[in-house]
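A.B. asks: My questions concern the predicted model and sequence given below.
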Amino acid sequence: MNKKKSIFKESVLCTLFFVCMLTSAVAQSAYTFTKINGDELSGRLALMSTDHTFGRLPATIKDAVRPAVWSLGENSAGVYIDFKTNADTIVVKYKVKGALNMPHMPTIGVSGVDLYYHNQAEHTSWSWSFGHYQFKDTIQYTFSNIGNNLAGTYRLFLPMYNSVEFMEIGVNKSYALTFVKEQTKPIIIYGTSIAQGACASRPGMAWTNILSRDFNNEIVNLAFSGNGLLEQPILDLMVSQDAAVYILDCIPNLSITSARSEAQLDSLLWNAVTFIRSKRPHVPIVLTAHSSAFTPGFLNKGTMYEYGTSTQVTQKSFEKMKKSGVKNIYYLSSKDLGLDVNSTVDYAHPNDWGMMKIAKAYTKILRKIIK
């Protein structure tokens, strides 16, 4: 009797498994999927327009940068896809080759995608869709019951801290999907882990991606976690393209240490600014302080001293540049950024509240710069 029950139980389980597999197959067959080849990507330098990867650095620079920079450059931070469809369900499937999360940053921030929608003709703010996600060997996001929105444009932000190996976007079979790619003068940002996106809860909350929704200009994210060191190969890349603004936000990676004096930091800043100005005489440059410097309420004195010292050097360098006749240069101070004890996960990396504060400060100064 027990044997019969066991056979019956196994038979039921097999049937249920088959039904689930069949249901999944039927559900997937209801969509037409389009593979992303790289041509559809925005938020990258123009010289990468035909690069069939999801990274941010061209292959021609691989031997010129340090391995850590190249590896981080394969992350798709700030890269996005604009498209139009009137489908009420959008499915995104992709694979990544790095760890899904970090101790201080969640899976959907490190490896997730984020979907927004904007109808510029109606002058409305950006809308957002929650996606049902599955983080398996192939990651899948399903954005369902989102309405039929052909009039505007969808923007899909890619993972901030992972490298995408392949991606495809599916819509209901009876609907079309067309990609949009506008060429604008970009805002090019050279930064650290903070600008790369740590530690936003999801890609759309990274301050660079918030700016992407605040301005019509493309935002090009050349930020490399722990490696924003004002190095020449990245400066060369920046000036390879005319821009609306160049932002140098590297101070969190340029602390004053036994290996780097105040004079050396000053020299790095002067070299970066004078080089950019020699190649792009009229493009505005923004120098940014450490976002957590002088933040009231932090108890860690040593950390605050480190952040404050490098920030003071930056401000003095900026003031000397202005006095020496460097034109069209701006300074974004720690006070302007306005972080507080509720703004970060670990004194330096902002949470979503901190990201909003940083984005707000940048929006304010960029509105004055970009006419």
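C.D. replies: Sure thing, it's come through. Numbering: from 1, shown residues only.

A.B. asks: And for residue 332, the neighbour number?
C.D. replies: By the measure other CB atoms under 10 Å, the count of residues near residue 332 is 23. C-beta: built from backbone N, CA, C; applies to glycine.

A.B. asks: Tell me, how many residues neighbour the closest residue to residue 348 other than its chain neighbours?
C.D. replies: For residue 348, ignoring the flanking residues on the chain, the nearest one in space by CB to CB, 6 or more residues apart in numbering is residue 292 at 5.3 Å. The number of residues packed near residue 292 is 27, by other CB under 10 Å.

A.B. asks: so what's residue 292 scoring on pLDDT?
C.D. replies: Listed pLDDT for residue 292 reads 94.

A.B. asks: low-confidence ranges in the stretch 251-371 of the chain?
C.D. replies: The stretch 251-371 of the chain contains no residues with pLDDT under 70.

A.B. asks: Show me the strands in it, by range?
C.D. replies: With DSSP state E, counting those that start in this stretch, the ranges of strands along the stretch 251-371 of the chain come out as 285-288, 329-332.

A.B. asks: so which of those strands comes closest to residue 265?
C.D. replies: Among those, strand 285-288 comes nearest to residue 265, with 11.8 Å by CB to CB.

A.B. asks: helices or strands next to that closest one in the packing?
C.D. replies: Applying 3 or more CB pairs under 8 Å, 6 or more residues apart in numbering; DSSP states H and E, we find strand 285-288 packed against strand 245-249, helix 262-279, helix 301-324, strand 329-332, helix 352-369.

A.B. asks: again, only this time at 10 Å
C.D. replies: strand 187-191, strand 245-249, helix 262-279, helix 301-324, strand 329-332, helix 334-337, helix 352-369 (3 or more CB pairs under 10 Å, 6 or more residues apart in numbering; DSSP states H and E).

A.B. asks: Let me have the ones you listed in a markdown table, extended by distance to residue 36.
C.D. replies: Formatted as a markdown table, the helices and strands packed on strand 285-288 follow (distance: least, CB to CB, whole Å):
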| stretch | distance to residue 36 |
| --- | --- |
| strand 187-191 | 23 |
| strand 245-249 | 27 |
| helix 262-279 | 32 |
| helix 301-324 | 39 |
| strand 329-332 | 34 |
| helix 334-337 | 34 |
| helix 352-369 | 26 |
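
A.B. asks: residues contacting the residue nearest to residue 348?
C.D. replies: Taking CB atoms under 10 Å, 6 or more residues apart in numbering, we find residue 292 in contact with 194, 252, 298, 303-304, 306-308, 311, 334, 337, 339-340, 343-344, 346-350, 354.
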